[in-house]
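# turn this into a structure:
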Amino acid sequence: MNDDLTTLDFWARPPADRLAAFARLRALDRPVFFHEQRIPFLRAGRGFHALVRHADVVHASRNAKVFSSEPAATSPEPPPWIALLFGRPMVNMDDPRHARLRRIVSRAFTPRRLAQIDEHIAKTATAIVDDVLRAGSGDFVADVAARLPIKVICAMMGIPEHYHAHVAACVDAMTEYSGVRGDVARLRTLRLFGGNVKAIIDLHRLVARLGRERRETPGDDLISALVGADVDGERLSVRELGAFFDLLLVAGNETTRNALAHGLKLFTDHPDQRALLMADFDARIGGAIEELVRYVSPIMQFQRTLTCDHEMNGHLYRRGDKVVLFYLSANRDEEVFTDADRFDITRKPNPHVGFGGPGPHLCLGAHLARREISAMFRELFTRAPDIRAAGEPELLLSNFDNGITHLPYRT
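Numbers count the residues shown, from 1 in each chain. Okay, the predicted model is just below:
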């Protein structure tokens with residue numbers, strides 16, 4: 001069986017087949033190198049080493065000076081002009097630039113602001129479940145999973161309500177293609193030079209205009225906090241604000257959206273785990289979220305570039321080599337997780353890397369995602385106790401985003 005991670009055929013295989021392939025790769029006594037196919041109009045990939053074991057992913061994550069996020073943590077790498085035009089998001093930065101931006105952004109998430117966010121998440125979840133109960137059935141992604149994070153992020157940022165639908169459409173355009181290599185070169189090129197770039201331009205124009213307005217007339221929202229934040233005499237530039245908005249929308253949206261959609265299917269397929277959760281929701285929801293993120297791996301991988309020669313597990317990686325951290329595989333590593341393919345909300349310990357490995361790039365929005373997932377399942381399973389997936393999910397074709405595009409449900 002062909003386990004070439006660069007092909008469209010591999011990522012179109014059923015999830016169980018892909019996980020079995022990663023198990024075969026973990027069992028090898030050597031790292032595996034994959035050659036990338038050339039993508040028209042983009043820089044040719046030099047290939048990459050696949051880091052599929054939990055220990056290797058954790059090691060690379062902790063050693064950010066050796067395993068660099070620059071020039072890009074996503075793959076295939078975007079051309080340099082993208083960063084020149086739109087700025088470089090934090091996920092594609094190393095310290096000290098990464099640390100500077102993270103300090104500014106984290107100052108905006110004060111206890112008072114987090115309390116406001118919790119209140120808005122709860123209200124939004126309530127309104128969504130009101131609609132679910134009225135409808136009785138539909139597409140869980142469109143009706144629930146995709147609505148919550150976009151509404152929460154837009155409210156946090158202070159985006160007026162009449163822009164929300166446009167912001168959601170831009171995010172869909174930016175993530176419709178998300179990581180498949182080689183065989184879809186034409187699709188990749190069309191997305192990059194078509195809807196993808198237009199979506200980025202539209203979002204940057206919107207947040208830049210709002211940023212200028214909030215500098216003059218601050219409000220009680222995240223844009224006001226970010227443009228007014230002053231850390232050691234520094235604040236976010238217009239391009240930095242736009243790049244952060246992109247990151248928050250894509251990363252903050254996709255993680256919660258994917259976890260919620262996969263979660264409904266998992267709790268439908270594992271009624272014992274759902275019953276266990278609802279027997280003591282407050283005590284078990286934390287562990288349930290961690291197991292859900294481990295089991296699903298909403299973001300399946302990120303790339304790193306070696307800044308120097310480095311030996312790991314007896315293999316010498318050379319300066320300039322690319323490695324891809326496959327969180328999807330690390331989260332099923334038999335050396336770390338007992339019965340790794342079992343969904344168990346009581347699993348302890350659970351050192352998953354579903355929010356990225358430990359280190360400076362651990363997901364800044366992980367706490368927000370946990371809040372959203374908790375509030376949504378509390379509201380759903382309390383008020384719609386019979387809600388369940390009514391069919392098989394339609395999966396996004398991607399090697400990056402473990403997304404579900406459609407999932408029928410009924411109450």
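# every contact and neighbour count from this point should use C-alpha atoms.
Will do.
# pretty sure L241 sits against R205.
No. Between L241 and R205 there is no contact under Cα atoms under 8 Å: 10.8 Å.
# where do the strands sit along the stretch 201-350 of the chain?
Assigned by DSSP state E, counting those that start in this stretch, the strands in the stretch 201-350 of the chain fall at 301-306, 310-312, 315-317, 322-326.
# closest to L222 out of the ones you listed?
Of all those, strand 301-306 sits nearest to L222, with 27.0 Å by Cα to Cα.
# who's in contact with that closest one?
66-75, 317-328, 399-400 (Cα atoms under 8 Å, 6 or more residues apart in numbering).
# same check on stretch 282-291?
Contacts for stretch 282-291 (Cα under 8 Å, 6+ apart): 277, 343-347, 350, 352, 370, 373-374.
# are any of those residues buried, and which?
Buried positions within those, assessed by neighbour count (16 or more other Cα atoms under 10 Å), are 277, 343-347, 352, 370, 373-374.
# possible to save the residues you listed as CSV with distance to V144 and pLDDT?
Below are those laid out as CSV (distance: Cα to Cα, whole Å; pLDDT from 0 to 100):
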residue, distance to V144, pLDDT
L277, 20, 98
F343, 22, 98
D344, 24, 98
I345, 22, 98
T346, 26, 98
R347, 27, 98
H352, 26, 98
R370, 16, 93
I373, 11, 97
S374, 14, 97
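# looking at those, which is nearest D269?
The closest of those to D269 turns out to be F343 (Cα to Cα; 10.0 Å).
# how about the closest one, what does it touch?
F343 touches 291-292, 295, counting by Cα under 8 Å, 6+ apart.
# likewise for A73?
Residues in contact with A73 (Cα under 8 Å, 6+ apart) are 91-92, 302-304.
# and of those, the nearest to R103?
Using Cα to Cα, V91 comes nearest to R103 of the contacts of A73, at 14.0 Å.
# would you mind measuring from that closest one to S68?
V91 sits 10 Å away from S68, going by Cα to Cα, to the nearest Å.
# try I117
33 Å.
# kindly report the same for I285.
34 Å.
# quick one: secondary structure of G138?
strand (DSSP: H, G, I helix; E, B strand; the rest coil).
# hang on, isn't it packed against R410?
Yes. With contact defined as Cα under 8 Å, G138 counts as touching R410 (6.7 Å).
# which stretch of helix or strand covers the nearest residue to N253 once chain neighbours are set aside?
What sits nearest to N253 in space, not counting adjacent residues and going by Cα to Cα, 6 or more residues apart in numbering, is P149, at 5.1 Å. Assigned by DSSP states H and E, P149 belongs to helix 147-157.
# gap between that helix and the chain center?
Relative to its chain's centre, helix 147-157 lies at 15 Å (Cα atoms, centre = their mean, to the nearest Å).
# could you point out which element follows it?
Counting by DSSP H and E, what follows helix 147-157 is helix 164-175.
# quick one: distance of that following helix to the chain centre.
For helix 164-175 - counting by Cα atoms, centre = their mean - the centre lies 15 Å from the chain centre.
# how about the nearest residue to L260, chain neighbours excluded?
Nearest residue to L260, sequence neighbours excluded (Cα to Cα, 6+ apart): A145, at 5.6 Å.
# what about that neighbour, how many residues close to it?
Using other Cα atoms under 10 Å, the number of residues around A145 comes to 28.
# could I get the pLDDT score of it?
pLDDT, A145: 96.
# quick check: it vs K151, distance?
Taking Cα to Cα, one finds A145 at 11 Å from K151.
# same thing with M376?
13 Å.
# please apply the same query to A165.
Note on A165: its distance to K151, by Cα to Cα, is 9 Å.
# cool, and G314?
Counting by Cα to Cα - G314 and K151 are separated by 48 Å.
# which one of those two is surrounded by more residues?
Shown here are G314 and K151; by other Cα under 10 Å, K151 has more neighbours (21 against 10).
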